[in-house]
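Asker: sequence? don't have it. structure:
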């Protein structure tokens, strides 16, 4: 479930940034590019989340 929510948030945020930057640069909105970038961002966030240790870290 967390992977699905991660993708949904990623898709919404990347689409928003894609729309705003495209409007400023006077470029037409492209949903396909936003979807591709959001999949890449989702995979990176999931990998980063799995790589971080869970629980307290002991001091050495």
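Answerer: Done, it's in. Keep in mind that what you see is a predicted model, and the values were worked out from it rather than measured.

Asker: ok, for residue 23, nearest residue in space, not its chain neighbours?
Answerer: Excluding its sequence neighbours, the residue lying closest to residue 23 (CB to CB, 6 or more residues apart in numbering) is residue 29, at 7.9 Å. Just so you know, the C-beta spots here come from the backbone N, C-alpha and C atoms, and that holds for glycine as well.

Asker: Does the one you found belong to a helix, a strand or coil?
Answerer: coil (DSSP: H, G, I helix; E, B strand; the rest coil).

Asker: For it, which residues are in contact?
Answerer: Shown in contact with residue 29 (CB atoms under 8 Å, 6 or more residues apart in numbering): 18-19, 22-23.

Asker: ChimeraX command to pick out the buried ones of those residues?
Answerer: This is how ChimeraX selects the buried members of the contacts of residue 29, with burial counted by 16 or more other CB atoms under 10 Å:
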select :18
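
Asker: quick one: which of the contacts of residue 29 is nearest residue 48?
Answerer: residue 18 (21.7 Å; CB to CB).

Asker: Contact partners for the closest one?
Answerer: Residue 18 neighbours (CB under 8 Å, 6+ apart): 29-30, 33-34, 37.

Asker: ok, and it, which helix or strand is that part of?
Answerer: helix 2-24 (DSSP states H and E).

Asker: Any stretches of this protein with poor pLDDT?
Answerer: For the chain, no stretch has pLDDT under 70.

Asker: try it again with 90
Answerer: 1-3, 30, 49-60 (pLDDT under 90).
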